[in-house]
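[1] Got a predicted model here, sequence first, then my questions.
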Amino acid sequence: MLNGLLELLPHAPTVVFLVAAFFLPGLLVLLPLRTGLPAAIALSPAVTLLIFLAGSIVADTAGVPWNPATAALAAVPPVLAAWLAGRRFSFRTPLWPGNLGLPAKLAVGAGVAFGSLVTCLALLRGIGDPATASQGWDPIFHLNVLTWIQESGSASPWGVAPIFGASRSTYYPAGWHSAVSLVPGGVTEAANLSSIVIGGMIWPVGLMFLASAVLPRHPVAWALTPVFAASFVSFPFSQLLRSGQWPNGLATALVPATLAVGVLLLRHVISTERAGTPARERVLLAAVLAAVLGGCVAAHPSAVFATAVAILPFVAAGLLPLVVRGARRRPWLAVAAAGAVAAAAVAVTAALANSRLLTGVMAYKRAVRAEVPDSLHLAFFDLPRFPALSPPAPDDFNLAVGLLVMVGAAMAVFIREARPLAIAWLAFIALYVLAAGPENALRWLTGFWYKDTQRIAPFIAMTGSLLAALAVAVLAGAAHRAVSARLPSARTSGRWPLSQIVVGLSVAVLAYGTYWGSGAFRSADRVAVAAHNYVVSANPGTGALSRGEQEFIERAGAMLPRDAVVIGDPFNGETYFYALTGRRVVYTQLGAPTAGSPAKELLRSGFNRITTDKSICEAVLKVGATHFYEDAPGASHGSISLKQWPGFYNVPTEQGFEKVASADGRTLYRITACG
């Protein structure tokens, strides 16, 4: 662990900047409202993203470039408003329980720190050098968006249209980009290290806050939830790094804290024990929930759907007793209310089904990834790979924590506040199985997540880690009562009660035993999954980047004039010139790279006819290409160079081209054939 921390030291300024970018604006807004420091920390990233969303839109409208100064200026009005409002409207009781003793506070802090440290070190080991560019499909696009924001100064959700090659404004959730683009220096390092902040800080703190809201009578669970969450491969390792879904991964990390506020608001509204809560405090809590939901939308709208799925069981559990009591007193009113709810559900379903914005998402075509029972094994035991790709070994199963989750779910049947949690866990398992396949009448329900199991699995980890912690907390509570009954009263009171210390040490030993006995929470698997997009081959043309190619692109790109535009096979290194050197490229992404452009499509297949076909030069001039990047033919992301991009191979560079740089089978040329 010490070696991992030492490796992070050279990148500490970037991490500090990222932490400030994600946490500081929201924290300054929430602190004067007296939410309690732990709650403010957990909720601040979502509030920050809402501030950045509004600020980036205003900056775009005013023609002001998005940069750290603009972001700081955008934060001033909400911070001032919160400090002024906080003098009259603030929480009488913090959102975080304030009656914890010192031992419990230390235990919770230790749990968050341990879970964070275990996650961060595995992420770092997987990434290796944070300056290494990810070769994932999504990261290539996201790195170029970061570069575009720094170049153009436009960070609004409608400001990334040029990256898509679109002539009209195209909406894209740019919350992650708006924060990470503020970091000075290379976008590659900032993007990679954002995974550390998202997965190793935002996620565990949010889970701890969620545990305190859902399981208020079990402080042991608050401490253990971040610890058990670190055992899951699905998040952050799979979604953030193997899939490279940085914006969606950020949205995932915001869900626990958002769900916690929703549960607290629900409890304030319907619970009899909260009947004395002032109405303005409930309004303030609703405002906080609206703000964090806005931050979720800024990150990625799918977070709102995940929060809705998770909170529905809590809503049902809270409203059902009220409905039953109302039905006994006024049955006709209850029937009318039930009819209204059913009509609203039908209306919402119809609206979603006919929404132009959602139609393409809900109908997204996704291949079958696994079928029952394999999909259940994946859902219950968090396998690092699909069984169809690699038959699982016994060590691949998250067995100890998975069994604790099941025990916790069984215990939840007898614990009133935990029952909705168990139902939410089962709901996400059902969604996971539907998304995995095969195609059926209900699979469209997972369209909110593009029918992608890796976008749903983190929520099984979210609810499952709480259930695993609950199982240990219940056992710890029973042990505490047994120990207290055998000790004199003088030994069970005071600031450091002996019974709490004995039980706390036992829980710590159990947690560490689970960690050690599972191979440091399957450390090899977590690191391997994190490293998936950072492994490079020694053979040129193998993968989007082969060994030494990033260094060559950075070196060659520095030789180009600022107005240079590079063309070549985007699946074989061309796209990286923009992110790594700031020089424009013709093909900015792997998904739909020709973007409906006839010129780009023609060059894809015919660039090698540049000296014999006038239409090729016309297309080159139209796209503005000035330089050609040539690499050995290969394959990456399912694209076979000679088949999908034949125009950029076997190019007669003896005439019409001037060599700029060459090394290890890679060459950058200046195009002179169309001059």
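    Now that the structure is in, tell me what you want to look at. Computed from a prediction, not measured in an experiment: that's the story for all the values here.
[2] Next, give phi and psi for Phe448.
    With angles defined as degrees, to the nearest 10, Phe448 sits at phi -60, psi -30.
[3] what about the helices in the stretch 451-600 of the chain?
    453-485, 498-517, 519-530, 549-557, 576-581, 598-606 (DSSP state H, counting those that start in this stretch).
[4] can you tell me which of the ones you listed comes nearest to Val197?
    helix 519-530 (14.7 Å; Cβ to Cβ). In this view, the C-beta of every residue, glycine as well, is placed from N, C-alpha and C.
[5] Return the set of buried residues in the closest one.
    For helix 519-530, the neighbour count (16 or more other Cβ atoms under 10 Å) marks 520-523, 525-530 as buried.
[6] which strands and helices sit next to it?
    Here helix 519-530 touches helix 102-127, going by 3 or more Cβ pairs under 8 Å, 6 or more residues apart in numbering; DSSP states H and E.
[7] and the helix it packs on, what does it pack onto?
    For helix 102-127, the packing partners by 3+ Cβ pairs under 8 Å, 6+ apart are helix 2-8, helix 187-197, helix 203-214, helix 219-229, helix 498-517, helix 519-530.
[8] Go ahead and produce CSV holding the CA coordinates of the helix or strand that that helix is followed by.
    Next in sequence after helix 102-127, counting helices and strands by DSSP states H and E, comes helix 137-152. Output in CSV follows, covering the C-alpha atoms of helix 137-152 (Å, rounded to 0.1, in the frame of the first residue of the first chain):
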residue,chain,number,x,y,z
TRP,A,137,-14.0,3.1,-27.0
ASP,A,138,-15.7,5.8,-24.8
PRO,A,139,-12.5,7.3,-23.3
ILE,A,140,-11.1,8.2,-26.8
PHE,A,141,-14.2,10.3,-27.3
HIS,A,142,-14.2,11.8,-23.8
LEU,A,143,-10.5,12.8,-24.0
ASN,A,144,-11.3,14.7,-27.3
VAL,A,145,-14.2,16.4,-25.7
LEU,A,146,-12.0,17.6,-22.8
THR,A,147,-9.5,19.0,-25.4
TRP,A,148,-12.4,20.6,-27.3
ILE,A,149,-13.6,22.4,-24.2
GLN,A,150,-10.2,23.7,-23.3
GLU,A,151,-9.7,24.9,-26.9
SER,A,152,-13.1,26.3,-27.6
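[9] and the helices of the stretch 451-600 of the chain, which is most packed in?
    Per-stretch averages of neighbours, counted by mean count of other Cβ atoms under 10 Å, single out helix 576-581 among the helices of the stretch 451-600 of the chain, with a mean of 25.
[10] Could you pull up the residues touching Leu383?
    233, 377, 392, 396-398 (Cβ atoms under 8 Å, 6 or more residues apart in numbering).
[11] Return the distance of Thr35 relative to Ala592.
    Remark: distance between Thr35 and Ala592 (Cβ to Cβ, to the nearest Å) = 43 Å.
[12] Looking at these two, which has the bigger crowd around it?
    Between Thr35 and Ala592, Thr35 has the larger neighbour count (other Cβ atoms under 10 Å), namely 25 against 9.
[13] I'd say the more buried one and Trp96 touch.
    Yes. Between Thr35 and Trp96 there is a contact under Cβ atoms under 8 Å: 7.2 Å.
[14] Pull up the overlap in contacts between the two.
    By Cβ under 8 Å, 6+ apart, no residue touches both Thr35 and Trp96.
[15] Any regions of the stretch 51-200 of the chain where pLDDT drops low?
    In the predicted model, the stretch 51-200 of the chain carries pLDDT under 70 at residues 165-169.
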